[in-house]
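Undergrad: okay, here's the prediction I keep looking at, along with the sequence it came from:
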Amino acid sequence: MGLAVLGSVLGMAVTLLTGQVVGAVPGVIDDAPGAMSLTEFSWLLGALLLVFVLESLTPAIHQVASLIMDAALVRQIGTGITEPLLRPRRVAHLEDTVVLDVQERAKGKGGFHLAQGLGNLPWLLASRVTLVGSAAIVGVMFSWPVAAMLVAVTLLLEWYGGRLIEREIDVWWGNTEEQRRADYLFDLGMRDAPKELRVFGLHDWLVQRYVREWTTGFRPVWNRRRKNVKWSILTGGLHLAANGLAILLVGRAALAGELPLTEVATTVPAILAIGVSMNGYGVVQVRRGLSAYRAMEKLPGTIAERHPEPVATSRHRVETMPAREVRFENVSFRYPGSDVDVLRDLDLTIRAHEALALVGVNGAGKSTLVKLLAGAYRPTEGRITVDGVDLSELDQAAWQRRIAAIVQDFLRFPLSVTDNVVFGAVERADDQVALAKVARESGIDQVVRRLPAAWDTVLDKTFDGGVDLSGGEWQRVALARALFAVHAGAGVLVLDEPAAALDVRAEAELVGRYLELTSGVASLIISHRFSVVRNADRICVLADGRITEDGTHEQLLDKGGTYATMFHLQAERYVTSEASDGPGSEVLDA
Ligand SMILES: Nc1ncnc2c1ncn2[C@@H]1O[C@H](COP(=O)(O)OP(=O)(O)OP(=O)(O)O)[C@@H](O)[C@H]1O
C-alpha cells in the first residue's frame, strides 16, 4: 500500500515538475531577465528525470512485493477457511447449508474474493490519493469549482458504475446451481471418472451437457451485462465530457492570457490523472473482498453457535478407555435434516478385548453406528457410555485418538506408502518396528517389495515416479494404517468391510489372523462376508434400527433367524460356485 501511494505521489510530483519545466522553457531559451539560469534549469530537468525514473520503478517493486505477499495471503486464507471446518470433532456442520453458505461466501467467487479484494486495495488507495492530490493541483493552479466538479463527477459515476458491476455479480452469486453442475461435469470428465466415461462412450454427452449447463448458468449474467453496457457507455461518456469541459476551460483561460504556461502545463495532466483515477471495479472488488473477509471471520462463530463442541466434563483418563465396555443405551439416531430414524432404541455392548461382528443388510445403519461410536455425530436420543461415562462428557479428540478404523471410503493419501500407514498414529511415525510388524500383518510387505521406490513410492500416478495400487492393495494399506494405530495404543479397532476388495487368498489370510490382529482391543467388524464374521467372539444382527440377534456363530445358526438365513444363502452360493468353478468354499471352511 505504501508503494502504491508512493507511486501516485511521485506521479503528481512528475505533473508538477513537468509544469515547471514547460513553464521555464521560453525564459531559458530567450535568456530573459529574471528567468531561470541554464544550471538551475538543468537541476530542474534532472529532478524531473529522477522522479520519473522512481515513479516508473514503483510498479515493478510493487509487483514483486505483491507476488511474495500473495502466496502468504493465499495460504492464510486457505487455512482461515478450512481450519474452522476441520477443527470440530463432530461432522454435522459439514452437512449444514447455513455453514456451507458462509464458507462459500468466504471463499468468494469469480475473482471477487478476499485475496482479490486485498490485491486491489493498494491501487484503490493510490487512485484516491491521485484523485485528491490532482484535484488540489487543479484547485490551486486553476479553479476550485472546476476541481470540485471533477471530484464530484468522478465519485458519482464511480459509485454508479460500481453498482452496475455489483448487480451483475449478484446475478452471478444468486445463480450458482448451474455453475456448480457445470463444474461438477468438468471435474467428472477431467478427474473423477475418465475411464468409465470412455467405456460408456459418454464423451459427447458430457461435452454437450457441460456447454448446456454452463450456458444456462451464465445466461442471466450476460443478460444483465448487456443491460449494463448502455449505462456503462453513458457514464463513461459523461466522465469524458466533464474532463473535456475542464480542459476546454483551461484552454480558454490560456488563450485569454489569464493562465500562465506553467499552470496550463500542470493543470492539463492533473485533469487527465483525475480522469484515469475513476476505479469503480476496484471499489467493487475491495467491497466484495471485505464481505468475503467478514464471512471468513464469521465462519468459526457460526460453526460454534450452530454446532457447539462438547466440553469435556469428565476427568476420566480417556487414554486407557475402554477398560470394560462401550455401551449404546437406547440410542436413536437420524441424520441432520432427515426425518427417518436410522437407529431406533438400540442397545449394544461392545466389551473391551472382545471381537464383535455386526451384520445387516445394506442401509441397515452399520456404518452409522460406527460414526456414533467415533463421536462424529451424537445420538438423537439415548446415550453412548464408555466404562459408564457418557461419551459426550469425554474429551472428544482424545476419544477419537483411541479409535483405529478402516472405514468403507478410507482415505487414499497421494503420499508415500510409509505416510499412508503411519498416519494411523502420526506421533509414532518413526516407529520402524511397528511399521515392519503391520506390514507383515496386513500383507503389504509383499506389495511394497514390488514398488519402484519401496516404502517411499508415492501412491498417486499424477506424481513423478508415483504408482497406483489395486483396490485390494489399497485395502491392505488401510488395514496396515489401522493396525499401526493399534500398535500405538488405540483401544478400539473398527473394521468396516475390511475384506470387500480382497481376493480369496487375502481374505483367507485376514480371516486366519483376524483374532490375533484384534486381540487386546475392543473390536467391531462389519462385513457382508460370513467367512470373516463367523470368527468373531460375538455376532450381532442389526435390523430395523436395533440389534435383533446376538450370540456366537453357532448360537445364531441354531436359532435359525435372520443370521442363519443370510449365512445359508451365502454358503449355498459358495458351494454352487465351488461345484462349477473350483475353489471358493475354502474361505468358509477357514
Ligand atoms: N450423511 C447422511 N445423511 C443422511 N442419510 C444418511 C447419511 N449417511 C447415511 N445415510 C442413510 O442412513 C442409512 C444407513 O446407512 P449406513 O451407511 O449406516 O448403512 P450400512 O448398514 O453401513 O450399509 P452398507 O451395508 O450398504 O454399507 C441409509 O439409509 C443411508 O441412506
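TA: Arrived safely.

Undergrad: hey, let's count contacts and neighbours off CA atoms from now on
TA: Fine.

Undergrad: which strand or helix spans the residue in the stretch 101-250 of the chain that the ligand sits nearest to?
TA: Proximity of the stretch 101-250 of the chain to the ligand (C-alpha to the nearest ligand atom) peaks at residue 101, 17.8 Å away. In the assignment (DSSP states H and E), residue 101 maps to helix 97-107.

Undergrad: show me the strands in the stretch 251-400 of the chain, by range?
TA: In the stretch 251-400 of the chain, strands defined by DSSP state E, counting those that start in this stretch lie at 325-333, 343-351, 355-359, 381-386, 389-390, listed in chain order.

Undergrad: ok, now the stretch 401-550 of the chain?
TA: 403-406, 492-496, 522-526, 538-543, 546-551.

Undergrad: which SSE is immediately downstream of the helix holding residue 101?
TA: Next in line after helix 97-107, if elements are assigned by DSSP H and E, sits helix 114-141.

Undergrad: next, the angle from that next one to helix 97-107.
TA: On the basis of axes from the mean of the first three to the mean of the last three C-alpha atoms, to 10 degrees, helix 114-141 is oriented at 50 degrees to helix 97-107.

Undergrad: in helix 114-141, what's buried?
TA: Neighbour counts using 16 or more other C-alpha atoms under 10 Å place 114-139, 141 of helix 114-141 among the buried residues.

Undergrad: likewise for stretch 347-359?
TA: Judged by neighbour count (16+ other C-alpha under 10 Å), stretch 347-359 contains these buried residues: 347, 348, 350, 351, 352, 353, 354, 355, 356, 357, 358, 359.

Undergrad: nearest to the ligand, of these?
TA: residue 359 (8.0 Å).

Undergrad: the closest one pairs with what?
TA: Counting by DSSP bridges, residue 359 is bridged to residue 541.

Undergrad: does stretch 547-566 reach the ligand?
TA: No. Judged by C-alpha under 6 Å from any ligand atom, stretch 547-566 and the ligand are separated, with a smallest distance of 12.2 Å.

Undergrad: touching that stretch from outside, list them.
TA: For stretch 547-566, contacts defined as C-alpha atoms under 8 Å, 6 or more residues apart in numbering pick out 346-348, 359, 534-542.

Undergrad: make JSON lines out of those and add distance to residue 494 and pLDDT.
TA: As requested, the contacts of stretch 547-566 are exported to JSON lines (distance: C-alpha to C-alpha, whole Å; pLDDT from 0 to 100):
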{"residue": "346", "distance to residue 494": "19", "pLDDT": "93"}
{"residue": "347", "distance to residue 494": "18", "pLDDT": "94"}
{"residue": "348", "distance to residue 494": "15", "pLDDT": "93"}
{"residue": "359", "distance to residue 494": "13", "pLDDT": "91"}
{"residue": "534", "distance to residue 494": "16", "pLDDT": "85"}
{"residue": "535", "distance to residue 494": "15", "pLDDT": "84"}
{"residue": "536", "distance to residue 494": "13", "pLDDT": "86"}
{"residue": "537", "distance to residue 494": "15", "pLDDT": "89"}
{"residue": "538", "distance to residue 494": "15", "pLDDT": "92"}
{"residue": "539", "distance to residue 494": "14", "pLDDT": "93"}
{"residue": "540", "distance to residue 494": "15", "pLDDT": "94"}
{"residue": "541", "distance to residue 494": "16", "pLDDT": "93"}
{"residue": "542", "distance to residue 494": "16", "pLDDT": "92"}
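
Undergrad: would you turn the residues you listed into JSON lines with distance to residue 244?
TA: Putting the contacts of stretch 547-566 into JSON lines (distance: C-alpha to C-alpha, whole Å) gives the following:
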{"residue": "346", "distance to residue 244": "81"}
{"residue": "347", "distance to residue 244": "84"}
{"residue": "348", "distance to residue 244": "84"}
{"residue": "359", "distance to residue 244": "83"}
{"residue": "534", "distance to residue 244": "90"}
{"residue": "535", "distance to residue 244": "91"}
{"residue": "536", "distance to residue 244": "89"}
{"residue": "537", "distance to residue 244": "91"}
{"residue": "538", "distance to residue 244": "90"}
{"residue": "539", "distance to residue 244": "88"}
{"residue": "540", "distance to residue 244": "86"}
{"residue": "541", "distance to residue 244": "85"}
{"residue": "542", "distance to residue 244": "82"}
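
Undergrad: now, the most widely separated pair of those residues?
TA: Farthest-apart pair in these is 346 and 535; separation 23.8 Å (C-alpha to C-alpha).

Undergrad: those two: who's more crowded?
TA: Neighbour totals were compared for residue 346 and residue 535, and residue 346 leads with 22 against 19 (other C-alpha atoms under 10 Å).

Undergrad: relative to residue 91, how far out is that one?
TA: Distance of residue 346 to residue 91, computed by C-alpha to C-alpha, to the nearest Å: 21 Å.

Undergrad: ok so, going back, could the strands of the stretch 251-400 of the chain go into CSV alongside distance to residue 8?
TA: Shown next, in CSV, are the strands of the stretch 251-400 of the chain (distance: least, C-alpha to C-alpha, whole Å):
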stretch, distance to residue 8
strand 325-333, 63
strand 343-351, 67
strand 355-359, 71
strand 381-386, 65
strand 389-390, 64
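
Undergrad: including distance to the ligand, could the ones you listed go into a markdown table?
TA: As requested, the strands of the stretch 251-400 of the chain are exported to a markdown table (distance: least, C-alpha to the nearest ligand atom, whole Å):
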| stretch | distance to the ligand |
| --- | --- |
| strand 325-333 | 9 |
| strand 343-351 | 8 |
| strand 355-359 | 8 |
| strand 381-386 | 16 |
| strand 389-390 | 22 |
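
Undergrad: among the ones you listed, which comes closest to residue 500?
TA: With C-alpha to C-alpha, the closest approach to residue 500 among the strands of the stretch 251-400 of the chain belongs to strand 355-359: 13.8 Å.

Undergrad: now that closest one against strand 343-351, angle please.
TA: Using the same axes, to 10 degrees: strand 355-359 against strand 343-351 is 160 degrees.

Undergrad: report all helices and strands that strand 355-359 contacts.
TA: strand 522-526, helix 530-533, strand 538-543 (3 or more C-alpha pairs under 8 Å, 6 or more residues apart in numbering; DSSP states H and E).

Undergrad: can you say which of those is packed in most?
TA: Most buried of those, by mean neighbour count (mean count of other C-alpha atoms under 10 Å): strand 522-526, with a mean of 26.

Undergrad: average model confidence for that one?
TA: The predicted model assigns strand 522-526 a mean pLDDT of 89.

Undergrad: ramachandran angles for residue 42?
TA: Here is the backbone geometry of residue 42 (degrees, to the nearest 10): phi -60, psi -40.

Undergrad: also the one 4 residues further on?
TA: The phi and psi torsions at residue 46 (degrees, to the nearest 10) take the values phi -60, psi -40.

Undergrad: right, and the strands of the stretch 401-550 of the chain - which one's nearest residue 454?
TA: Closest of the strands of the stretch 401-550 of the chain to residue 454 is strand 403-406, at 22.9 Å (criterion: C-alpha to C-alpha).

Undergrad: now stretch 38-45: mean pLDDT?
TA: For stretch 38-45, mean pLDDT rounds to 91.

Undergrad: which of the residues in it are buried?
TA: Across stretch 38-45, burial judged by 16+ other C-alpha under 10 Å covers 41, 44, 45.

Undergrad: give me the below-cutoff pLDDT ranges for the protein.
TA: Scanning the chain for pLDDT under 70 picks out the ranges 109-112, 173-176, 573-590.
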